[in-house]
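Visitor: requesting a structural model of the entry that follows:
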Amino acid sequence: MIPSGAVLALCLSGLLAVSACGSGPARPASTAAASHSPDTIAPAAPGGSAESVRAGPYTQVFATPLPANPAQAKVIAGFREAMTLWDWSDYTWHVGTPVRAYVTGQALTNLIAAVAAGRAHHLVPAGTERLFLTHVSGITGSTATVTTCDDGSRLKYENRQAGATVTVPPGPAYVFETWHMVKLSGHWGVTAFSVAIPPSPRAAPCQP
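Guide: Prediction:
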C-alpha cells in the first residue's frame, strides 16, 4: 500500500505493466476479520496483538504487534490506519477526506494514480497481503520512519467488469518498504515510501 499499497501503486501506475497482470484466478483483520469503512475502523491499542482488516475481497494482515513504547505505538497505529484507508480507496476507487487525513505528499500522489488506474482497468485488490517485521526505525517530534516487509505472495486482483481474477506480474513476492511518516493534525500519517526488491541487500531480511 500502500499499502499493501506499494505493490498496487507500482502495478497500476504503470511502473509494472497492467497488461502483464494477465488473466487468472484481492489488504489484513484483527484476529476476527471484518469489513471496514473509513468511519468504522477501530484504532489499535498499544501493546495489541497482530491484526488484519478487510476491504471487499482483499485482506491486509498486520503481522507485527504494536510496540510497547507508547510513542512508537502511536506511529504504527497511524501507519496501520493509513494503510487501511489506502486499501479502502483501492476498493472504492475513491480518495475521500478521511484518506487525505492520513495520506499526503508523494504517497497521496501514488495512491491517486493507483486508484485512477484501478478504475480505468476495473481492478480491485483481492487475496491477502501480509506486512511483517514492521518497526519504527526513527522518530523525531514531527517525523518518523517505518520499515516493513511486504508479503504479496497471495495478492491478486479482481476485475469487476469481467468478473474474473487476475494475478500480479511474475516477480519478487517479498519486498522491503520504507514509509516516511509525518504528524498530521495530532496523529501520524504517511507522506512518502520507497521499495527495495531482490537482489537489493535491504530486501534480504524479508525473504522466506
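
Visitor: isn't Ser137 right up against Phe176?
Guide: No: look at Ser137 against Phe176 with Cβ atoms under 8 Å: they stay out of range, at 11.4 Å. Every C-beta, even on glycine, is put in place using the N, C-alpha and C of the backbone.

Visitor: between the two, who's got more neighbours?
Guide: Neighbours were tallied for Ser137 and for Phe176 using other Cβ atoms under 10 Å; the higher tally belongs to Phe176 (23 against 12).

Visitor: picking up where we left off before, shared neighbours, Ser137 and Phe176?
Guide: Thr147 (Cβ atoms under 8 Å, 6 or more residues apart in numbering).

Visitor: quick check, Ala204 in a helix?
Guide: Yes: with DSSP: H, G, I helix; E, B strand; the rest coil as the criterion, Ala204 is part of a helix.

Visitor: quick check: the residue nearest to it when sequence neighbours are not counted vs Leu108, distance?
Guide: Of all residues not flanking Ala204 in the chain, Pro198 sits nearest, at 7.5 Å (Cβ to Cβ, 6 or more residues apart in numbering). Pro198 is 28 Å from Leu108, where distance means Cβ to Cβ, to the nearest Å.

Visitor: between the two, who's got more neighbours?
Guide: Under the neighbour definition other Cβ under 10 Å, Pro198 and Leu108 were set side by side, and Leu108 has more, 21 against 16.

Visitor: quick check: bridge partners of Gln60?
Guide: Using DSSP bridges, the bridge partners assigned to Gln60 are Val53, Glu129.

Visitor: please report phi then psi for Pro199.
Guide: Taking degrees, to the nearest 10, you get phi -90, psi 20 for the backbone angles of Pro199.

Visitor: can you report how many residues lie near it?
Guide: What Pro199 shows, counting by other Cβ under 10 Å, is a neighbour count of 8.

Visitor: list the contacts for it?
Guide: Taking Cβ under 8 Å, 6+ apart, one finds nothing in contact with Pro199.

Visitor: repeat for Ile197
Guide: With Cβ under 8 Å, 6+ apart, Ile197 has these contacts: 171-172, 175-176, 203.

Visitor: return the helix or strand in the protein with minimum mean pLDDT.
Guide: strand 23-24 (a mean of 28; mean pLDDT, DSSP states H and E).

Visitor: can you pull out the helices in this structure?
Guide: 5-12, 70-92, 97-100, 105-120 (DSSP state H).

Visitor: need the winner for burial among these.
Guide: helix 5-12 (a mean of 27; mean count of other Cβ atoms under 10 Å).

Visitor: how far does stretch 57-71 sit from the chain's center?
Guide: The chain centroid and the centroid of stretch 57-71 are separated by 11 Å under Cα atoms, centre = their mean, to the nearest Å.

Visitor: do me a favour and get the end-to-end distance for that stretch?
Guide: Stretch 57-71 has an end-to-end distance of 33 Å (criterion: Cα to Cα, to the nearest Å).
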